[in-house]
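In: Provided below are the primary sequence and the corresponding predicted coordinates.
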Amino acid sequence: MHVVSHPLSRPLAWGLLALAALLAGCSGPLRVDNQVRSFAQWASDGTPSGPATAAALPQAPQMYRFDRLPSQTEGSELGAQQRLEALAASELQAVGWRVADGAATAPWRVQVTASTQRLARAPWEDPWDGYRGYFHAGIGLGSHRNGVGGLLWIPVLPPPSSPYFLREVALVIREAASGRVVYETRASHDGRWNSTPELWTAMLRAALQGFPNPPAGPRRVDIEIERSPR
């Protein structure tokens, strides 16, 4: 028997293979790329930004309490701050720092903040690329009643765009007694992913990479997280 393949069978097969690869990729972990910069000054050497010596680095375990800005102590901001601090506490616990219980003495104060800027689209995208309208020529398109041909400009609206997010977390540690800042770190990430606890956890983990004696200068830190169920 002679079998004749359908002309669409090959493109369809390639399309199904591509779809299968896409679905397989969507089931794996997500890689959150972060731009991180950290500053440590556990002991002053007489200069405004003198580096900490190895002997000055605090050894785990350490106890701390969270500091909050006035705007983080009421309404919906309070709930958001409590959730953020819970994520930060988990990451700090991984490096041997724990929130002080009750009236226990805590030599450190930790302040953690997060911000999100929502853009209508990615900074490099032009919503009008390929959608700037077109001319249509034909009979009866002019203003003449006798059917004389004419030109008509038909604008086409741009397609709906996907929002793009710029996010940053910052963590500052102070001496409780003096209020002196001894550690500051920031992690920024941009992309189209929705805000999830896993995403913020990855950013906090990146911000604390190398704690308490981080590398100097800006660096990229990639953290893999599991995808949240839809």
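Out: Alright, I've got the coordinates.

In: domain parsing for the chain?
Out: Following the assignment in automatic domain parsing, the chain carries domains at 30-122+161-225, 126-160.

In: which ones are touching Pro212?
Out: Under the criterion of CB atoms under 8 Å, 6 or more residues apart in numbering, the neighbours of Pro212 are 40, 42, 52, 57-58, 95, 183. To be clear about C-beta, it is placed using only N, CA and C from the backbone, and glycine gets the same treatment.

In: quick check, nearest of those to Ala176?
Out: Sorting the contacts of Pro212 by how near they are to Ala176, with CB to CB, puts Pro58 at the top with 12.4 Å.

In: low-confidence ranges, this protein, go.
Out: Low-confidence segments of the chain (pLDDT under 70): 1-28, 44-55, 126-161, 227-230.

In: adding neighbour count, distance to Ala104 and secondary structure, write the contacts of Pro212 out as CSV.
Out: What follows is the contacts of Pro212, written out as CSV (neighbours: other CB atoms under 10 Å; distance: CB to CB, whole Å; DSSP: H, G, I helix; E, B strand; the rest coil):
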residue, neighbour count, distance to Ala104, secondary structure
Ala40, 21, 25, strand
Trp42, 19, 21, coil
Ala52, 19, 25, coil
Leu57, 14, 22, coil
Pro58, 17, 16, coil
Val95, 15, 19, coil
Tyr183, 22, 21, strand
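
In: as JSON lines, those residues with distance to Val110 would be great.
Out: JSON lines is the format used below for these (distance: CB to CB, whole Å):
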{"residue": "Ala40", "distance to Val110": "14"}
{"residue": "Trp42", "distance to Val110": "14"}
{"residue": "Ala52", "distance to Val110": "17"}
{"residue": "Leu57", "distance to Val110": "17"}
{"residue": "Pro58", "distance to Val110": "12"}
{"residue": "Val95", "distance to Val110": "12"}
{"residue": "Tyr183", "distance to Val110": "9"}
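
In: farthest pair in the residues you listed?
Out: Within those, Ala52 and Val95 form the most distant pair, 15.5 Å apart (CB to CB).

In: gap between the residue nearest to Leu78 when sequence neighbours are not counted and Ala170?
Out: What sits nearest to Leu78 in space, not counting adjacent residues and going by CB to CB, 6 or more residues apart in numbering, is Gln72, at 6.5 Å. Going from Gln72 to Ala170 by CB to CB, to the nearest Å gives 13 Å.

In: please apply the same query to Leu204.
Out: When Leu204 is compared with Ala170 (using CB to CB), they lie 10 Å apart.
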